[in-house]
Structures are given as structure tokens and as C-alpha cells.
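A.B. asks: Sequence first, then the predicted structure, then my questions.
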Amino acid sequence: MSGEGEVDEGRRRFIKAVGLASGFIALGGVTAVLKAVKGPITVPPWPRVRVANIADLKTGGDFSFNYPLETTPNLVLKLGRGVEGGVGPDGDIVAFSQICQHMGCTVQWKAERGRIECPCHAAFYDPLEGAKVVGGPSLYPLPRVKLEYEASTGDIYAVGMGPPVVFGYGPPGSDDVDIVLIGGKLVSG
């Protein structure tokens, strides 16, 4: 055992050896991952999924569906007035993720108040303004589900998601995604 103020060279050499060995192990892991990837990661295109028919929707009403995953809830709303990005004969049908951007609770459409509300922490979103935050702790709007309307059948299809999406990344064609998480920090992309 070394006295106070003395340097234990054996301990120093041991710590250096452990640090060097850890670096080589980490380098080997990174190399293995890079070999496995063999090029850029490709993400499949957004699926095209029928979510409703215009006859199913009433003005002021909502309809829940899952997209793009079978367990990811979303809301289709028929707002009764045309909005930017709205579909249908009146341009008043929009859809948004039902997952609150604050803590992940399931939001609900409150037609009588004209807003989407989170029952957990009182975040409020305005669907007439792209589900932007109008109150509460959320910092980000609800992700918009991109819709297509087929006039010949009245069917409404989900064809993609707008920002923010998972870690700011979406499949090809989602160039409007501008929120990216890098190292746990939010940056603009």
C-alpha cells in the first residue's frame, strides 16, 4: 500500500491496460456493426392504408384508427371548414397522431371546445392550425397524418406522417421532417 502523496505505479499501469483493452473492444464492436450494415440503412415507404369513408364522418366528429403501426393511435377529424392540408370535397378532413407530444398520453378530440386535449397534463392542440400547441406543457404539435381522398369512392387513405416522427426520421418522401434527435438533444435538420 502506498503512503499519502505517493503514486502506485502498479495501479496506474493496470488502469491504463484496462482503458486500452476497453477501447479495442469498443472499436471491434463498431467495426462489427459497420460490417453488418454494409451501406446506408433504407427505410420502406409509408404504407397506404384506408382509414375511413367520407360517409362515416360527421361534421365535428372524429374517427380513431391506427397508423403506421397497428398500435399507433390517430384521429381523423371532420372540422366543418376547410383547413390547410385538409382533404375531401370541403378540404375539412384532417388527421393527427393521438399521442401527446409531452409525455405520450392518448389525446382526445373535444368538439365542443374545438380542440384536441390531453387528459394527463392538460396539453391543448388546435386542429385548425395543424395541431399546434395552444396550451399546456407540450412543446411540439401533434404529428400530422397525411391523407388522400378518392372522390370516386369517398375513401380516405393515410399515406404518410409529418413531423415530428420517430427521432425525426421518416421513410422516403418525408423530406418535411425537420426535427431530429441526436444524442438525446433536439436539433433542427
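C.D. replies: Right, received. Where do you want to start?
A.B. asks: can I assume residue 94 sits in a strand?
C.D. replies: Yes: according to DSSP: H, G, I helix; E, B strand; the rest coil, residue 94 belongs to a strand.
A.B. asks: was I right about it contacting residue 80?
C.D. replies: No: shown here, residue 94 and residue 80 do not form a contact pair, counting by Cβ atoms under 8 Å, at 11.4 Å. Every C-beta, even on glycine, is put in place using the N, C-alpha and C of the backbone.
A.B. asks: quick one: the helices in this protein?
C.D. replies: Secondary structure of the chain (DSSP state H): helices at 9-37.
A.B. asks: Could you chop it up by domain?
C.D. replies: Here the domain parsing of the chain from automatic domain parsing is 7-41, 49-188.
A.B. asks: Most tightly packed of those domains?
C.D. replies: Mean neighbour count (mean count of other Cβ atoms under 10 Å) peaks for domain 49-188 among those, with a mean of 16.
A.B. asks: Now do that domain, average pLDDT.
C.D. replies: If you average the pLDDT over domain 49-188, you get 85.
A.B. asks: from the chain's centre, how far out does that domain sit?
C.D. replies: 11 Å (Cα atoms, centre = their mean, to the nearest Å).
A.B. asks: And the nearest residue to residue 156 once chain neighbours are set aside, how close does it get to residue 105?
C.D. replies: Excluding the flanking residues, the one nearest residue 156 by Cβ to Cβ, 6 or more residues apart in numbering is residue 52, at 4.9 Å. To residue 105, residue 52 is 24 Å away according to Cβ to Cβ, to the nearest Å.
A.B. asks: Equivalent analysis for residue 159, please.
C.D. replies: For residue 159, the distance to residue 105 - Cβ to Cβ - is 26 Å.
A.B. asks: ditto for residue 20
C.D. replies: 47 Å.
A.B. asks: Now do the strands in this protein.
C.D. replies: Along the chain, counting by DSSP state E, strands occupy 49-53, 62-66, 73-78, 93-97, 108-110, 115-117, 124-126, 132-135, 144-150, 155-161, 179-182, 185-188.
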